[in-house]
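Q: Model the following, please.
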Amino acid sequence: MAPTVTPDAISTILSNPSPDSSSDLPQIVVQVLDLKLTGNRYMFNASDGKMSVRAILPSNLSSEVISGNIQNKGLIRIMDYALNEIPTKSEKYLIVTKCEVVSPALEMEIKAEVKSEAEGAESKQQQYENKSEGPGFVFKTKQDMVAKSAAQIVHEQRNMAPAARMAMTRRVHPLVSLNPYQGNWTIKVRVTSKGNMRTYKNARGEGCVFNVELTDEDGTQIQATMFNDAAKKFYERFQLGKVYYISKGTLRVANKQFKTVQNDYEMNLNENSEVEEASNEAAFIPETKFNFVHIDELGPYVNGTELVDIIGVVQNVSPTMSIRRKSNNEMVPKRDITVADDTKKTVVVSLWNELATAVGQELLDNADNYPIVAIKSLKVGDFQGISLSTLGRSTVLINPDVPEAKKLRSWYESEGKGTSMVSIASGLSPIAKGGSRSMYSDRVSLLHITSNPSLGEEKPAWFSIRAFISLIKPDQTMWYRACKTCNKKVTDGMGSGYWCEGCQKNDEECSLRYIMVVRVCDESGEAWISLFNNEAEMIIGCSADELDKYKSQEGEENLFQLKLKEATWAPHLFRVSVTQNEYNNEKRQRITVRGVAPVDFAAESKFLLEEISKKVSQ
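A: Here you go, the predicted model:
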């Protein structure tokens, strides 16, 4: 028998706009008509042959359309849904939250003959009489069943906890089904990230705010924000890792600039919202969900608005430092950790506030065991090339029980422990995945930078250049004495050794780190650029400590001069930032190298051919 639609399926949906449970739904098979992409969602007409309703597939079901499983004129069985009225529209929209494919595209649209009301009533009466016949059959009317279950619910609710009552009396909606036009809803979610309470000041006054990231049993996430009274009410109630029933919140379209989770909407909770802990439901909601980025793929995220998650082996942990915040002159704790992954790259992560003092101390105590950390919601900055920094909403898990951590531990024990690691800042490859943005985007000539003295006045301007190093002055100060722990500048200690202000300690030894200027040129002109340690090491070919030893050696063959000579007239790709510095009441342009890589001539030729094609097409 050929598959077909369920008679009166649309009437069944319209009469039950918000079913209590998907398991209680009757068979609802409809035909998909006029399937098309609208925005980032697929819309269609759900038809039973007699009636139809506009329907929407949420973004998590788009893959079913793309893969060809759900087809125009095909049949689907609706297993869960919500019928919503949209104020700006005159019609109702069916949100299909769960479905399965019954049939691929049919040859034609199904159309049913419409029976008269008298025939329909007679048919229903006949069905009633047939079901009422038979020995020992006791028929209960629908009204009796509803009254009985209502009485049972009222009786059971009196002795239930608030969270259990919420679960019993309201249908739990999946996060994917929520939208700003929906009425009352209840969700069951785990707090997978909790931000710090923050204060703000604007034209309307002062206030406080904090965010949480919530995850439901399907793995869908959403960010919830609370201001002022709601923030004070729920800050202590929301605990990281616990599961809650939440209702009486509102949704709005997510601000992409501050978006931290993959959801089209974000949630606001006010002081009238309901939040109840669901202690017996914890096992059904997944833990913190990560979207890990490899360290060697961080380049495209530098100074962007998108936050990243990383996982890596802790190589080094610095002592806690106190940093004075420029905005309010407040001293805040900070601790830097160096993390490596199986790309054989390392990156420095700055932990702030409680993460520096609590989690950071735990990492320092276990540094000899090289713990694995998974860190969620990190800001990617350009300090010393590429660096990471925690925010108020960041989460740090030590030795997490996730497959990626087990894989990373296995790699480190078998191979990584004896492998030489390189900082991501010194390895920005122009052909690596995602790295093309670092070296080939915003490509300009030196003349473009030097002829625009206003570049970098408000914020750093970023460019990529291809240039030759034409001069390295041998008599300049090429390095500074640095702390071996935090790399900050040290001074002569009292009596002996070197004093580090950042670590607040005296060490017998220090290291040398490059800080120098070199002259570069291209076909358009020349300019002086500043280099820091990692980039200078790549250009000179040795560390500052080694170059210092060469400088002190005597003899006809001076290795110091030889190293500088070898470094000149070599082509490089540079990623640079342009800022304005004031010197003797005069503004000067400063060009700082943030990344350097040797020229890959195959990739460079491809880039130049693309540029020629663009010029020709214009």
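
Q: what's the helix or strand containing Gln580 in contact with?
A: Taking DSSP states H and E as the criterion, Gln580 maps to strand 571-583. Identification of contacts with strand 571-583 by CB atoms under 8 Å, 6 or more residues apart in numbering yields 382, 428, 430, 438-439, 449, 455-457, 460-469, 520, 529, 539, 587-599. In this view, the C-beta of every residue, glycine as well, is placed from N, C-alpha and C.

Q: Buried only: go through the residues you listed for me.
A: Taking 16 or more other CB atoms under 10 Å as the criterion, what is buried in those is 382, 428, 430, 438-439, 449, 455-456, 460-467, 469, 520, 529, 539, 589-597.

Q: Count the residues that sit near the closest residue to Ile539 other than its chain neighbours.
A: For Ile539, ignoring the flanking residues on the chain, the nearest one in space by CB to CB, 6 or more residues apart in numbering is Ala567 at 5.3 Å. Around Ala567 there are 18 other residues, counting by other CB atoms under 10 Å.

Q: Quick check: phi and psi on Ala567?
A: phi -80, psi -20 (degrees, to the nearest 10).

Q: Please tell me I have it right and it contacts Phe468.
A: No. Counting by CB atoms under 8 Å, Phe468 is not a contact partner of Ala567; they are 10.6 Å apart.

Q: Next one: Asp80 from Ser47, what distance?
A: From Asp80 over to Ser47 the distance is 19 Å, taken as CB to CB, to the nearest Å.

Q: Comparing those two, which shows the higher neighbour count?
A: Between Asp80 and Ser47, counted using other CB under 10 Å, Ser47 has the larger neighbour count: 23 against 19.

Q: helix or strand for the closest residue to that one other than its chain neighbours, which one?
A: Nearest residue to Ser47 in three dimensions, chain neighbours excluded: Gln31, at 4.8 Å (CB to CB, 6+ apart). Element membership of Gln31, judged by DSSP H and E, is strand 29-38.

Q: Show the subsequent helix or strand relative to that strand.
A: Moving toward the C-terminus from strand 29-38, the next helix or strand (DSSP H and E) is strand 41-47.

Q: strand partners of the helix or strand following that next one, parallel vs antiparallel please.
A: Sequence-wise, the next helix or strand downstream of strand 41-47 (DSSP H and E) is strand 52-57. Applying DSSP bridges, strand 52-57 is found paired with strand 41-47 (antiparallel), strand 92-103 (parallel).

Q: now strand 52-57, how far from the centre of its chain.
A: Distance, stretch centre to chain centre, for strand 52-57: 31 Å (CA atoms, centre = their mean, to the nearest Å).

Q: which parts of that strand are buried?
A: Of all the residues in strand 52-57, those buried under the rule 16+ other CB under 10 Å are 52-53, 55-57.

Q: What mean pLDDT does the next helix or strand after it get?
A: As assigned by DSSP H and E, the chain's next helix or strand after strand 52-57 is helix 62-66. Across helix 62-66, the average pLDDT comes to 84.

Q: other SSEs contacting helix 62-66?
A: Secondary-structure packing of helix 62-66 (3 or more CB pairs under 8 Å, 6 or more residues apart in numbering; DSSP states H and E): strand 41-47.

Q: So what touches the strand it packs on?
A: Applying CB under 8 Å, 6+ apart, the contact partners of strand 41-47 are 5, 9-10, 13, 30-37, 52-59, 61-62, 65, 70, 72, 78, 94, 96, 109-110.

Q: C-alpha coordinates for it, CSV please?
A: Output in CSV follows, covering the C-alpha atoms of strand 41-47 (Å, rounded to 0.1, in the frame of the first residue of the first chain):
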residue,chain,number,x,y,z
ARG,A,41,15.4,28.2,7.9
TYR,A,42,13.4,26.1,5.6
MET,A,43,9.6,26.8,5.4
PHE,A,44,6.9,24.7,3.7
ASN,A,45,3.1,24.1,3.6
ALA,A,46,2.1,21.1,5.7
SER,A,47,-0.9,19.5,3.9
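
Q: buried stuff in it?
A: Buried residues in strand 41-47 (16+ other CB under 10 Å): 42-47.

Q: And the residue lying closest to Tyr42 once chain neighbours are set aside, how close does it get to Leu14?
A: Spatial nearest neighbour of Tyr42, excluding adjacent residues (CB to CB, 6+ apart): Leu57 at 4.5 Å. Look at Leu57 and Leu14: by CB to CB, they are 19 Å apart.

Q: try Val520
A: As for Val520, its distance to Leu14 is 71 Å (criterion: CB to CB).

Q: what stretches of the stretch 151-300 of the chain score poorly on pLDDT?
A: 151-170, 256-260, 280-287 (pLDDT under 70).

Q: What are the boundaries of the strands in it?
A: 186-194, 198-202, 205-215, 221-227, 243-247, 250-253, 265-269, 274-277 (DSSP state E, counting those that start in this stretch).

Q: Take these and write them to TSV, including distance to Asn533.
A: Listed next are the strands of the stretch 151-300 of the chain as TSV, based on distance: least, CB to CB, whole Å:
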stretch	distance to Asn533
strand 186-194	34
strand 198-202	34
strand 205-215	37
strand 221-227	38
strand 243-247	47
strand 250-253	45
strand 265-269	41
strand 274-277	49
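
Q: Out of those strands, flag the one nearest Asp507.
A: strand 198-202 (37.0 Å; CB to CB).

Q: check contacts around Gly68.
A: With contacts taken as CB under 8 Å, 6+ apart, Gly68 has no neighbouring residues.

Q: what's in contact with the one helix or strand Ser464 maps to?
A: Assessed by DSSP H and E, Ser464 sits inside strand 461-471. Under the contact criterion CB under 8 Å, 6+ apart, strand 461-471 has outside partners 303, 438-446, 448-449, 455, 518-522, 526, 539, 567-579, 594, 599, 604.

Q: Can you give me the buried ones in stretch 579-589?
A: Applying 16+ other CB under 10 Å to stretch 579-589 flags 580, 589 as buried.

Q: then it to CSV, C-alphas only?
A: Extracted as CSV, the C-alpha positions of stretch 579-589 are listed here (Å, rounded to 0.1, in the frame of the first residue of the first chain):
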residue,chain,number,x,y,z
THR,A,579,49.7,52.8,15.8
GLN,A,580,50.4,56.4,16.8
ASN,A,581,52.9,57.2,19.5
GLU,A,582,53.7,60.6,20.9
TYR,A,583,57.3,61.6,21.3
ASN,A,584,58.4,65.2,22.3
ASN,A,585,54.8,66.4,21.7
GLU,A,586,55.0,65.0,18.2
LYS,A,587,52.9,62.1,17.0
ARG,A,588,54.8,59.4,15.2
GLN,A,589,53.7,56.3,13.3
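
Q: how distant is that stretch from the center of its chain?
A: For stretch 579-589, the distance to the chain centre is 37 Å (CA atoms, centre = their mean).

Q: about what we covered before: elements contacting the strand holding Gln31?
A: Short answer (3+ CB pairs under 8 Å, 6+ apart): strand 29-38 packs on helix 9-15, strand 41-47, strand 75-85.

Q: Which strands and helices lie in contact with the longest one?
A: What that stands for is strand 75-85. By 3+ CB pairs under 8 Å, 6+ apart, strand 75-85 packs against helix 9-15, strand 29-38, strand 92-103.

Q: let's see 6 Å
A: In terms of contacts (3 or more CB pairs under 6 Å, 6 or more residues apart in numbering; DSSP states H and E), strand 75-85 is packed against strand 29-38, strand 92-103.

Q: out of those, which comes closest to Tyr412?
A: strand 92-103 (41.3 Å).

Q: Quick check: nearest residue in space to Glu354, chain neighbours excluded?
A: Asn196 (7.6 Å).

Q: which residues does Glu537 contact?
A: Ser543 (CB atoms under 6 Å, 6 or more residues apart in numbering).

Q: May I ask which helix or strand encompasses it?
A: helix 533-540.

Q: mean confidence score for that helix?
A: Helix 533-540 comes out at a mean pLDDT of 90.

Q: And the contacts of the following helix or strand past that helix?
A: For helix 533-540, the succeeding helix or strand toward the C-terminus, using DSSP H and E, is helix 544-552. With CB under 6 Å, 6+ apart as the test, helix 544-552 has contacts from 479, 512-514, 559-560.
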